[in-house]
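>>> Compute the structure for the input listed below.
(chains A, B and C)
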Amino acid sequence: MPRLVWFRQDLRIADNPALAAAAEGPLLCVYVLDDAAAGRWAHGGAQRWWLHHSLAALERALAARGAALHLARGSAREIIPRLAAAIGAGEVHAGRLTEPWARARDEAVHRALEAEGRRLVLHTSSLLHEPHRIRTGQGRPYSVYTPFARALFALGEPPPPLPAPARLLPAPGAPEGLPLAALGLIPAPPIPEWWREFPAHWTPGEAGAAERLARFARAALPAYGARRNTPGVEGTSGLSPHLRFGELSPRQVWHAARAAGARGEDAFLKEILWREFAHHLLWHRPDMPEQPLQQGFARFPWRPDAALLRAWRRGRTGYPIVDAGMRQLWRMGWMHNRVRMIAGSLLVKHLLQPWQEGAAWFWDTLLDGDLASNSASWQWVAGCGADAAPYFRVFNPVLQGEKFDTDGAYVRRWVPELARLPDRFLHKPWEAPEAVLRAAGVALGRDYPRPVIQHGEGRARALAAYAALRGAAEAA
DNA sequence: TTTTGAGTTGTTCGA
DNA sequence: GTCGAACAACTCAAA
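Below you'll find the predicted structure:
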(Lines give C-alpha, C1' and ligand atoms only; values in the text may rest on other atoms or scores of the structure.)
Protein backbone atom coordinates (compact mmCIF):
# COMPACT_ATOMS: atom_id res chain seq x y z
CA MET A 1 0.00 0.00 0.00
CA PRO A 2 1.35 3.45 -0.89
CA ARG A 3 2.53 5.79 1.84
CA LEU A 4 2.87 9.52 2.13
CA VAL A 5 6.01 11.12 3.58
CA TRP A 6 5.34 14.56 4.98
CA PHE A 7 8.61 16.52 5.22
CA ARG A 8 8.61 19.36 7.76
CA GLN A 9 11.80 19.99 9.69
CA ASP A 10 13.78 17.02 8.46
CA LEU A 11 14.75 18.01 4.92
CA ARG A 12 17.11 15.10 4.36
CA ILE A 13 17.04 11.58 3.02
CA ALA A 14 19.74 10.03 5.21
CA ASP A 15 18.77 9.06 8.75
CA ASN A 16 15.19 10.09 8.08
CA PRO A 17 12.99 7.54 9.87
CA ALA A 18 9.78 8.80 8.25
CA LEU A 19 11.23 8.34 4.79
CA ALA A 20 12.79 5.01 5.74
CA ALA A 21 9.44 3.73 7.02
CA ALA A 22 7.74 4.63 3.75
CA ALA A 23 10.49 3.70 1.35
CA GLU A 24 9.70 -0.01 1.26
CA GLY A 25 6.82 0.61 -1.13
CA PRO A 26 5.40 3.27 -3.42
CA LEU A 27 5.39 6.70 -1.84
CA LEU A 28 4.63 10.35 -2.29
CA CYS A 29 6.96 12.96 -0.73
CA VAL A 30 5.26 16.19 0.27
CA TYR A 31 6.19 19.56 1.70
CA VAL A 32 3.45 22.04 2.65
CA LEU A 33 4.14 25.70 3.33
CA ASP A 34 1.50 26.42 5.94
CA ASP A 35 2.10 29.96 7.20
CA ALA A 36 -1.43 30.38 8.56
CA ALA A 37 -1.09 27.43 10.93
CA ALA A 38 2.22 28.74 12.26
CA GLY A 39 0.74 32.22 12.80
CA ARG A 40 3.30 34.58 14.26
CA TRP A 41 5.84 31.75 14.31
CA ALA A 42 5.81 31.26 10.56
CA HIS A 43 9.36 31.18 9.16
CA GLY A 44 11.19 34.47 9.69
CA GLY A 45 12.65 36.38 6.76
CA ALA A 46 16.11 34.83 6.81
CA GLN A 47 14.73 31.34 7.30
CA ARG A 48 12.62 31.67 4.17
CA TRP A 49 15.74 32.13 2.11
CA TRP A 50 17.22 29.00 3.66
CA LEU A 51 14.03 27.00 3.25
CA HIS A 52 13.82 27.86 -0.43
CA HIS A 53 17.29 26.53 -1.13
CA SER A 54 16.93 23.57 1.18
CA LEU A 55 13.77 22.48 -0.61
CA ALA A 56 15.57 22.85 -3.93
CA ALA A 57 18.32 20.56 -2.63
CA LEU A 58 15.79 18.04 -1.33
CA GLU A 59 14.02 18.03 -4.71
CA ARG A 60 17.30 17.20 -6.41
CA ALA A 61 18.20 14.49 -3.91
CA LEU A 62 14.82 12.82 -4.26
CA ALA A 63 14.88 13.12 -8.05
CA ALA A 64 18.25 11.35 -8.12
CA ARG A 65 16.51 8.41 -6.45
CA GLY A 66 13.52 8.43 -8.72
CA ALA A 67 10.99 10.39 -6.66
CA ALA A 68 9.51 13.87 -6.87
CA LEU A 69 8.86 16.34 -4.07
CA HIS A 70 5.26 17.50 -4.15
CA LEU A 71 5.16 21.14 -3.04
CA ALA A 72 2.02 22.80 -1.79
CA ARG A 73 1.00 26.01 -0.10
CA GLY A 74 -1.93 26.35 2.26
CA SER A 75 -3.56 24.43 5.06
CA ALA A 76 -1.82 21.12 5.74
CA ARG A 77 -4.93 20.12 7.65
CA GLU A 78 -6.71 19.98 4.28
CA ILE A 79 -3.87 19.22 1.88
CA ILE A 80 -2.34 16.19 3.61
CA PRO A 81 -5.57 14.17 3.90
CA ARG A 82 -6.47 15.07 0.31
CA LEU A 83 -3.12 13.89 -1.04
CA ALA A 84 -3.24 10.76 1.07
CA ALA A 85 -6.64 9.99 -0.43
CA ALA A 86 -5.41 10.73 -3.96
CA ILE A 87 -2.74 8.02 -3.81
CA GLY A 88 -4.70 5.72 -1.52
CA ALA A 89 -2.13 5.94 1.27
CA GLY A 90 -2.90 4.08 4.47
CA GLU A 91 -0.23 5.91 6.44
CA VAL A 92 1.31 9.35 6.53
CA HIS A 93 4.83 9.38 8.01
CA ALA A 94 6.49 12.45 9.49
CA GLY A 95 8.98 13.56 12.12
CA ARG A 96 7.58 14.72 15.44
CA LEU A 97 7.67 18.48 16.14
CA THR A 98 7.63 20.32 19.45
CA GLU A 99 6.19 23.69 18.43
CA PRO A 100 2.76 24.16 20.04
CA TRP A 101 1.15 25.24 16.79
CA ALA A 102 2.61 22.23 14.99
CA ARG A 103 1.39 19.84 17.68
CA ALA A 104 -2.12 21.25 17.41
CA ARG A 105 -1.99 20.90 13.64
CA ASP A 106 -0.70 17.32 13.80
CA GLU A 107 -3.54 16.50 16.11
CA ALA A 108 -6.03 17.93 13.60
CA VAL A 109 -4.41 16.13 10.67
CA HIS A 110 -4.43 12.90 12.65
CA ARG A 111 -8.15 13.19 13.33
CA ALA A 112 -8.90 14.04 9.71
CA LEU A 113 -6.92 11.02 8.49
CA GLU A 114 -8.44 8.73 11.05
CA ALA A 115 -11.93 9.65 9.91
CA GLU A 116 -11.02 8.09 6.56
CA GLY A 117 -9.32 5.03 7.98
CA ARG A 118 -5.76 6.33 7.59
CA ARG A 119 -3.24 7.31 10.19
CA LEU A 120 -0.46 9.75 10.95
CA VAL A 121 2.71 8.06 12.20
CA LEU A 122 5.20 10.36 13.92
CA HIS A 123 8.87 9.42 14.23
CA THR A 124 11.77 10.57 16.39
CA SER A 125 13.55 12.59 13.77
CA SER A 126 14.77 16.00 14.93
CA LEU A 127 15.77 15.07 18.48
CA LEU A 128 17.79 12.34 20.14
CA HIS A 129 14.95 11.62 22.54
CA GLU A 130 11.27 12.45 22.60
CA PRO A 131 10.60 15.19 25.17
CA HIS A 132 7.71 13.34 26.80
CA ARG A 133 9.85 10.26 27.39
CA ILE A 134 12.40 12.02 29.59
CA ARG A 135 11.33 12.35 33.22
CA THR A 136 12.91 12.94 36.60
CA GLY A 137 12.85 10.23 39.25
CA GLN A 138 9.56 11.71 40.40
CA GLY A 139 8.09 11.50 36.94
CA ARG A 140 8.20 15.22 36.28
CA PRO A 141 9.78 17.07 33.36
CA TYR A 142 13.27 18.44 33.99
CA SER A 143 13.69 22.15 34.53
CA VAL A 144 17.41 22.24 35.31
CA TYR A 145 19.88 21.56 32.55
CA THR A 146 22.61 19.63 34.35
CA PRO A 147 20.47 16.78 35.71
CA PHE A 148 18.68 16.67 32.36
CA ALA A 149 21.98 16.28 30.54
CA ARG A 150 23.17 13.66 33.01
CA ALA A 151 19.99 11.70 32.50
CA LEU A 152 20.51 11.75 28.72
CA PHE A 153 24.14 10.68 28.99
CA ALA A 154 23.03 7.88 31.29
CA LEU A 155 20.72 6.58 28.54
CA GLY A 156 23.82 5.68 26.56
CA GLU A 157 24.66 6.29 22.95
CA PRO A 158 21.82 7.14 20.55
CA PRO A 159 21.12 4.53 17.86
CA PRO A 160 23.30 4.71 14.76
CA PRO A 161 21.96 6.79 11.85
CA LEU A 162 19.92 5.10 9.11
CA PRO A 163 21.34 5.00 5.60
CA ALA A 164 19.66 6.96 2.80
CA PRO A 165 17.32 4.76 0.74
CA ALA A 166 19.01 3.85 -2.51
CA ARG A 167 15.92 3.94 -4.70
CA LEU A 168 12.43 5.32 -4.28
CA LEU A 169 9.29 4.18 -6.01
CA PRO A 170 6.78 6.94 -6.80
CA ALA A 171 3.16 6.17 -6.01
CA PRO A 172 0.91 6.26 -9.08
CA GLY A 173 -1.89 8.79 -9.22
CA ALA A 174 -0.06 11.60 -7.49
CA PRO A 175 -1.34 15.02 -8.54
CA GLU A 176 1.05 17.68 -9.74
CA GLY A 177 2.52 20.00 -7.05
CA LEU A 178 3.60 23.61 -7.30
CA PRO A 179 6.93 24.69 -8.69
CA LEU A 180 9.28 25.87 -5.95
CA ALA A 181 9.11 29.49 -7.05
CA ALA A 182 5.35 29.48 -6.47
CA LEU A 183 5.90 29.10 -2.74
CA GLY A 184 7.13 32.71 -2.73
CA LEU A 185 9.81 32.05 -0.12
CA ILE A 186 12.47 34.40 -1.36
CA PRO A 187 11.73 37.72 0.37
CA ALA A 188 10.27 40.42 -1.82
CA PRO A 189 11.20 44.12 -1.75
CA PRO A 190 11.36 46.55 0.13
CA ILE A 191 14.47 44.78 1.41
CA PRO A 192 15.85 43.48 -1.87
CA GLU A 193 18.96 41.40 -1.62
CA TRP A 194 19.12 41.60 2.14
CA TRP A 195 20.37 38.03 1.87
CA ARG A 196 22.96 38.71 -0.84
CA GLU A 197 25.88 37.64 1.36
CA PHE A 198 24.27 34.47 2.63
CA PRO A 199 25.52 32.23 -0.19
CA ALA A 200 29.11 33.21 0.57
CA HIS A 201 28.71 31.76 4.08
CA TRP A 202 26.21 28.95 3.75
CA THR A 203 25.23 26.04 1.55
CA PRO A 204 21.70 24.98 2.47
CA GLY A 205 20.83 21.35 1.87
CA GLU A 206 21.90 17.93 2.99
CA ALA A 207 25.15 17.89 1.04
CA GLY A 208 26.20 21.26 2.42
CA ALA A 209 25.33 20.07 5.91
CA ALA A 210 27.42 16.91 5.57
CA GLU A 211 30.33 18.90 4.22
CA ARG A 212 30.11 21.34 7.13
CA LEU A 213 29.92 18.54 9.66
CA ALA A 214 32.98 16.85 8.17
CA ARG A 215 34.90 20.11 8.19
CA PHE A 216 33.99 20.78 11.81
CA ALA A 217 34.91 17.29 12.96
CA ARG A 218 38.26 17.58 11.23
CA ALA A 219 39.23 21.17 11.97
CA ALA A 220 37.42 22.72 14.95
CA LEU A 221 36.15 19.90 17.14
CA PRO A 222 39.55 18.94 18.60
CA ALA A 223 39.97 22.45 20.05
CA TYR A 224 36.26 23.15 20.55
CA GLY A 225 36.50 23.58 24.32
CA ALA A 226 39.24 26.16 24.01
CA ARG A 227 38.11 28.04 20.91
CA ARG A 228 34.33 27.99 20.96
CA ASN A 229 34.19 31.29 22.83
CA THR A 230 36.42 33.19 20.43
CA PRO A 231 34.12 34.80 17.89
CA GLY A 232 36.99 35.96 15.68
CA VAL A 233 37.91 32.38 14.71
CA GLU A 234 35.89 29.49 13.30
CA GLY A 235 35.77 27.65 16.60
CA THR A 236 32.12 26.53 16.59
CA SER A 237 30.39 24.07 14.31
CA GLY A 238 28.13 26.44 12.37
CA LEU A 239 25.69 23.55 12.12
CA SER A 240 22.73 25.34 13.70
CA PRO A 241 20.83 26.24 10.50
CA HIS A 242 21.35 22.74 9.11
CA LEU A 243 20.01 21.25 12.32
CA ARG A 244 17.10 23.66 12.40
CA PHE A 245 15.90 22.46 9.01
CA GLY A 246 16.86 18.89 9.68
CA GLU A 247 19.37 18.64 6.88
CA LEU A 248 21.20 16.48 9.31
CA SER A 249 19.99 14.83 12.46
CA PRO A 250 21.37 15.21 15.97
CA ARG A 251 22.13 11.47 15.84
CA GLN A 252 24.39 12.00 12.83
CA VAL A 253 26.11 14.92 14.56
CA TRP A 254 26.55 12.93 17.77
CA HIS A 255 28.10 9.94 16.08
CA ALA A 256 30.33 12.06 13.88
CA ALA A 257 31.63 13.84 16.96
CA ARG A 258 32.27 10.52 18.68
CA ALA A 259 34.06 9.18 15.62
CA ALA A 260 36.23 12.30 15.58
CA GLY A 261 37.30 11.71 19.16
CA ALA A 262 34.68 13.36 21.41
CA ARG A 263 34.90 11.51 24.72
CA GLY A 264 32.59 11.22 27.69
CA GLU A 265 30.57 14.32 28.41
CA ASP A 266 32.36 16.37 25.80
CA ALA A 267 31.60 20.12 25.66
CA PHE A 268 30.29 19.85 22.11
CA LEU A 269 27.95 16.98 22.96
CA LYS A 270 26.63 19.07 25.83
CA GLU A 271 25.72 21.77 23.34
CA ILE A 272 23.70 19.23 21.38
CA LEU A 273 21.94 18.44 24.64
CA TRP A 274 21.16 22.13 25.21
CA ARG A 275 19.15 21.94 22.02
CA GLU A 276 17.39 18.86 23.36
CA PHE A 277 16.73 20.65 26.65
CA ALA A 278 15.15 23.64 24.91
CA HIS A 279 12.77 21.33 23.07
CA HIS A 280 12.03 19.49 26.28
CA LEU A 281 11.09 22.79 27.91
CA LEU A 282 8.93 23.89 24.98
CA TRP A 283 7.11 20.58 24.97
CA HIS A 284 6.19 20.92 28.62
CA ARG A 285 5.76 24.68 28.64
CA PRO A 286 4.14 25.60 25.32
CA ASP A 287 3.73 29.21 26.46
CA MET A 288 7.52 29.61 26.66
CA PRO A 289 7.83 31.74 23.47
CA GLU A 290 5.54 34.40 24.92
CA GLN A 291 5.52 34.12 28.71
CA PRO A 292 8.36 34.12 31.23
CA LEU A 293 8.81 30.67 32.74
CA GLN A 294 9.18 32.28 36.16
CA GLN A 295 5.85 33.81 36.94
CA GLY A 296 7.11 36.78 38.93
CA PHE A 297 8.69 38.19 35.79
CA ALA A 298 5.32 39.02 34.31
CA ARG A 299 5.55 42.25 36.31
CA PHE A 300 9.11 43.16 35.35
CA PRO A 301 9.45 46.95 34.88
CA TRP A 302 10.53 46.97 31.23
CA ARG A 303 10.94 50.34 29.59
CA PRO A 304 9.99 49.84 25.94
CA ASP A 305 11.78 52.38 23.79
CA ALA A 306 11.61 52.23 19.99
CA ALA A 307 14.76 54.30 19.47
CA LEU A 308 16.89 52.11 21.74
CA LEU A 309 15.56 48.98 20.11
CA ARG A 310 16.37 50.39 16.68
CA ALA A 311 19.94 51.26 17.71
CA TRP A 312 20.44 47.73 18.99
CA ARG A 313 19.00 46.09 15.88
CA ARG A 314 21.18 48.14 13.58
CA GLY A 315 24.37 47.61 15.51
CA ARG A 316 24.68 51.20 16.68
CA THR A 317 24.80 50.86 20.47
CA GLY A 318 28.31 52.24 20.77
CA TYR A 319 29.60 48.98 22.27
CA PRO A 320 31.84 47.47 19.58
CA ILE A 321 31.40 43.81 20.51
CA VAL A 322 27.61 44.19 20.55
CA ASP A 323 27.50 46.16 17.32
CA ALA A 324 29.79 43.66 15.63
CA GLY A 325 27.41 40.87 16.61
CA MET A 326 24.30 42.66 15.45
CA ARG A 327 25.90 43.45 12.10
CA GLN A 328 27.15 39.91 11.70
CA LEU A 329 23.59 38.77 12.33
CA TRP A 330 22.21 41.04 9.65
CA ARG A 331 24.76 40.13 7.03
CA MET A 332 25.35 36.44 7.77
CA GLY A 333 21.98 35.48 9.22
CA TRP A 334 23.93 34.10 12.16
CA MET A 335 25.77 35.33 15.25
CA HIS A 336 28.44 33.65 17.34
CA ASN A 337 26.98 32.19 20.52
CA ARG A 338 29.18 34.12 22.92
CA VAL A 339 28.16 37.37 21.24
CA ARG A 340 24.49 36.44 21.32
CA MET A 341 24.75 36.41 25.10
CA ILE A 342 26.55 39.74 25.27
CA ALA A 343 24.18 41.45 22.85
CA GLY A 344 21.14 39.90 24.52
CA SER A 345 22.30 40.92 27.97
CA LEU A 346 22.78 44.52 26.87
CA LEU A 347 19.30 44.74 25.37
CA VAL A 348 17.55 43.17 28.31
CA LYS A 349 19.58 44.42 31.25
CA HIS A 350 21.22 47.73 30.35
CA LEU A 351 18.45 48.90 28.05
CA LEU A 352 15.51 47.23 29.87
CA GLN A 353 13.85 46.20 26.61
CA PRO A 354 11.55 43.15 26.86
CA TRP A 355 13.31 39.92 25.94
CA GLN A 356 10.42 39.15 23.60
CA GLU A 357 11.58 42.05 21.38
CA GLY A 358 15.05 40.57 21.14
CA ALA A 359 13.62 37.14 20.44
CA ALA A 360 11.39 38.57 17.70
CA TRP A 361 14.32 40.26 15.96
CA PHE A 362 16.41 37.11 16.16
CA TRP A 363 13.48 35.11 14.82
CA ASP A 364 13.33 37.30 11.75
CA THR A 365 17.04 37.55 11.07
CA LEU A 366 18.54 34.22 12.15
CA LEU A 367 18.89 31.43 9.64
CA ASP A 368 18.92 29.00 12.56
CA GLY A 369 15.87 30.52 14.28
CA ASP A 370 14.41 27.64 16.24
CA LEU A 371 11.39 28.38 18.41
CA ALA A 372 12.57 26.22 21.30
CA SER A 373 16.21 27.30 21.39
CA ASN A 374 15.48 30.96 20.69
CA SER A 375 12.81 31.27 23.36
CA ALA A 376 14.72 29.30 25.98
CA SER A 377 17.94 31.21 25.37
CA TRP A 378 16.33 34.64 25.56
CA GLN A 379 14.65 33.68 28.80
CA TRP A 380 17.98 32.45 30.11
CA VAL A 381 19.62 35.77 29.28
CA ALA A 382 16.76 37.75 30.82
CA GLY A 383 16.93 35.72 34.01
CA CYS A 384 13.36 34.44 33.82
CA GLY A 385 14.16 31.03 32.32
CA ALA A 386 13.93 27.65 33.93
CA ASP A 387 17.62 27.52 34.72
CA ALA A 388 18.52 31.14 34.26
CA ALA A 389 21.59 33.18 35.06
CA PRO A 390 21.34 34.92 38.44
CA TYR A 391 19.96 38.41 38.06
CA PHE A 392 23.15 40.05 39.25
CA ARG A 393 25.09 38.54 36.38
CA VAL A 394 25.21 41.53 34.06
CA PHE A 395 27.69 41.15 31.22
CA ASN A 396 30.18 44.00 30.95
CA PRO A 397 30.43 44.49 27.17
CA VAL A 398 33.91 45.98 27.43
CA LEU A 399 35.35 43.18 29.54
CA GLN A 400 33.66 40.55 27.41
CA GLY A 401 35.08 42.12 24.29
CA GLU A 402 38.58 42.27 25.74
CA LYS A 403 38.39 38.75 27.07
CA PHE A 404 36.97 36.96 24.05
CA ASP A 405 38.04 39.21 21.17
CA THR A 406 41.45 40.10 22.56
CA ASP A 407 43.10 40.72 19.21
CA GLY A 408 40.00 42.51 17.91
CA ALA A 409 39.68 40.33 14.82
CA TYR A 410 35.92 40.05 15.27
CA VAL A 411 35.19 43.73 15.86
CA ARG A 412 37.51 44.83 13.07
CA ARG A 413 35.77 42.54 10.64
CA TRP A 414 32.22 43.63 11.39
CA VAL A 415 32.77 47.22 12.51
CA PRO A 416 35.36 48.32 9.97
CA GLU A 417 35.11 51.99 10.89
CA LEU A 418 36.98 51.10 14.10
CA ALA A 419 39.54 48.84 12.42
CA ARG A 420 42.44 51.25 12.80
CA LEU A 421 42.01 51.76 16.53
CA PRO A 422 44.71 50.09 18.64
CA ASP A 423 43.66 46.96 20.56
CA ARG A 424 43.79 48.88 23.80
CA PHE A 425 40.86 51.12 22.85
CA LEU A 426 39.04 48.93 20.35
CA HIS A 427 36.41 47.81 22.85
CA LYS A 428 36.05 51.25 24.47
CA PRO A 429 36.66 53.89 21.81
CA TRP A 430 35.18 56.61 24.02
CA GLU A 431 38.23 56.30 26.28
CA ALA A 432 40.69 56.83 23.48
CA PRO A 433 42.50 60.18 23.50
CA GLU A 434 41.49 62.58 20.77
CA ALA A 435 44.80 62.13 18.96
CA VAL A 436 44.39 58.34 18.86
CA LEU A 437 40.89 58.66 17.47
CA ARG A 438 42.05 61.12 14.86
CA ALA A 439 44.94 58.89 13.80
CA ALA A 440 42.47 56.00 13.44
CA GLY A 441 40.11 58.16 11.40
CA VAL A 442 37.28 57.92 13.91
CA ALA A 443 35.12 60.83 14.94
CA LEU A 444 32.88 59.60 17.76
CA GLY A 445 29.28 60.56 17.25
CA ARG A 446 29.83 60.83 13.51
CA ASP A 447 31.58 57.68 12.26
CA TYR A 448 30.66 55.58 15.24
CA PRO A 449 28.16 56.28 18.04
CA ARG A 450 28.93 56.99 21.65
CA PRO A 451 27.52 54.32 24.01
CA VAL A 452 23.72 54.47 24.24
CA ILE A 453 24.13 54.01 27.98
CA GLN A 454 27.09 53.96 30.33
CA HIS A 455 27.86 50.48 31.56
CA GLY A 456 27.87 51.49 35.23
CA GLU A 457 24.53 53.24 34.91
CA GLY A 458 22.95 50.41 32.93
CA ARG A 459 24.19 47.83 35.42
CA ALA A 460 22.87 49.79 38.39
CA ARG A 461 19.52 50.29 36.68
CA ALA A 462 19.20 46.59 35.88
CA LEU A 463 20.04 45.57 39.43
CA ALA A 464 17.49 48.06 40.75
CA ALA A 465 14.82 46.71 38.41
CA TYR A 466 15.47 43.13 39.51
CA ALA A 467 15.55 44.18 43.15
CA ALA A 468 12.19 45.94 42.72
CA LEU A 469 10.80 42.76 41.22
CA ARG A 470 11.94 40.75 44.21
CA GLY A 471 10.51 43.32 46.58
CA ALA A 472 7.18 43.16 44.79
CA ALA A 473 7.20 39.37 45.02
CA GLU A 474 7.81 39.48 48.76
CA ALA A 475 5.12 42.10 49.30
CA ALA A 476 2.61 40.03 47.34
C1' DT B 1 9.47 12.95 54.06
C1' DT B 2 13.58 15.12 54.81
C1' DT B 3 18.01 16.25 53.73
C1' DT B 4 21.67 17.48 50.89
C1' DG B 5 24.36 19.18 47.22
C1' DA B 6 24.23 21.84 43.45
C1' DG B 7 23.13 25.10 39.83
C1' DT B 8 26.50 27.05 31.46
C1' DT B 9 28.67 30.85 29.95
C1' DG B 10 30.05 37.05 35.41
C1' DT B 11 31.53 41.33 37.75
C1' DT B 12 33.24 44.01 41.29
C1' DC B 13 35.68 45.06 45.27
C1' DG B 14 39.14 44.92 48.50
C1' DA B 15 43.20 42.73 50.24
C1' DG C 1 48.39 42.32 38.53
C1' DT C 2 46.14 38.48 41.10
C1' DC C 3 43.01 36.25 44.08
C1' DG C 4 39.01 35.12 46.82
C1' DA C 5 34.73 36.52 48.43
C1' DA C 6 30.36 38.61 47.87
C1' DC C 7 26.52 39.12 45.14
C1' DA C 8 20.58 36.03 47.16
C1' DA C 9 18.25 33.21 48.02
C1' DC C 10 15.70 29.47 45.98
C1' DT C 11 14.43 25.44 43.90
C1' DC C 12 15.46 21.34 41.82
C1' DA C 13 16.65 16.42 41.75
C1' DA C 14 18.15 12.58 43.95
C1' DA C 15 19.45 9.95 47.96
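
>>> what about A:Ile79, distance to DNA strand B?
Look at A:Ile79 and DNA strand B: by C-beta to the nearest atom of the strand, to the nearest Å, they are 37 Å apart. Every residue, glycine included, has its C-beta placed from N, CA and C.

>>> ok, now A:Trp361?
Where DNA strand B is concerned, A:Trp361 sits at a distance of 18 Å (C-beta to the nearest atom of the strand).

>>> how near is the closest residue to that residue other than its chain neighbours to A:Gly177?
Leaving aside its sequence neighbours, A:Trp361 sits nearest to A:Arg313 (C-beta to C-beta, 6 or more residues apart in numbering; 5.6 Å). In this view, A:Arg313 and A:Gly177 are 37 Å apart by C-beta to C-beta, to the nearest Å.

>>> So for these two, which residue has more residues nearby?
Set side by side, A:Arg313 and A:Gly177 show more neighbours around A:Gly177, with 22 against 18, by other C-beta atoms under 10 Å.

>>> Dihedrals phi and psi, the closest residue to that one other than its chain neighbours?
Nearest residue to A:Gly177, sequence neighbours excluded (C-beta to C-beta, 6+ apart): A:His70, at 3.7 Å. Phi and psi for A:His70, reported as degrees, to the nearest 10, are phi -80, psi 120.

>>> bridging residues for A:His70?
A:Val30 (DSSP bridges).

>>> I figured the residue nearest to A:Trp361 hits A:Ala360, correct?
No. Using C-beta atoms under 8 Å, A:Arg313 is not in contact with A:Ala360, being 10.2 Å away.

>>> Overlap in contacts, those two.
Overlap of the contact sets of A:Arg313 and A:Ala360 (by C-beta atoms under 8 Å, 6 or more residues apart in numbering) is empty.

>>> I'd like to know how many residues surround the residue of chain A found nearest DNA strand B.
Closest contact between chain A and DNA strand B, by C-beta to the nearest atom of the strand, is at A:Thr146 (3.0 Å). Around A:Thr146 there are 11 other residues, counting by other C-beta under 10 Å.

>>> Any stretches of chain A with poor pLDDT?
Applying pLDDT under 70 to chain A picks out residues A:187-192, A:472-476.

>>> which parts of it sit against DNA strand B?
For chain A, the contact set with DNA strand B under C-beta under 7 Å from any atom of the strand comprises A:144-146, A:229, A:270-271, A:274, A:337-338, A:341, A:377, A:380, A:387, A:389, A:392-396, A:399-400, A:403, A:455-456, A:459.

>>> Checking my notes, the residue of chain A closest to DNA strand B in a helix, right?
Yes. Assessed with DSSP: H, G, I helix; E, B strand; the rest coil, A:Thr146 lies in a helix.

>>> where's it relative to A:Tyr224, distance?
A:Thr146 is 19 Å from A:Tyr224, by C-beta to C-beta.

>>> From the chain's centroid, how far away is the longest helix that chain A contains?
Using DSSP state H, we find that the single longest helix of chain A is helix A:455-475. With C-alpha atoms, centre = their mean, to the nearest Å as the basis, helix A:455-475 stands 30 Å off its chain's centre.

>>> Which positions in it come out as buried?
Applying a neighbour-count criterion of 16 or more other C-beta atoms under 10 Å, one finds A:His455, A:Gly458, A:Arg459, A:Arg461, A:Ala462, A:Ala465, A:Tyr466, A:Leu469 buried in helix A:455-475.

>>> Can you tell me which of those residues lies closest to DNA strand C?
A:Tyr466 (8.7 Å).

>>> Tell me how many other residues crowd the spatially closest residue to the closest one that is not a sequence neighbour.
With C-beta to C-beta, 6+ apart as the criterion, A:Tyr466 has its nearest non-adjacent residue at 3.9 Å, and that residue is A:Tyr391. Neighbour count for A:Tyr391, taken as other C-beta under 10 Å: 17.

>>> Next, count neighbours for the closest residue to A:Asn16 other than its chain neighbours.
Leaving aside its sequence neighbours, A:Asn16 sits nearest to A:Asp10 (C-beta to C-beta, 6+ apart; 5.5 Å). By other C-beta under 10 Å, the residues close to A:Asp10 number 26.

>>> How about the contacts made by A:Asp10?
A:Asp10 makes contact with A:Asn16, A:Ala18, A:Gly95, A:Ser125, A:Ser126, A:Gly246, A:Ser249, according to C-beta under 8 Å, 6+ apart.

>>> how about it, secondary structure?
Once three-state DSSP is applied, A:Asp10 turns out coil.

>>> Now do it against A:Ala22, distance only.
Per C-beta to C-beta, A:Asp10 is found 13 Å from A:Ala22.

>>> do you know how far the nearest residue to A:Gly184 once chain neighbours are set aside is from A:Gly369?
Nearest residue to A:Gly184 in three dimensions, chain neighbours excluded: A:Arg73, at 7.7 Å (C-beta to C-beta, 6+ apart). Applying C-beta to C-beta, the value for A:Arg73 to A:Gly369 is 20 Å.
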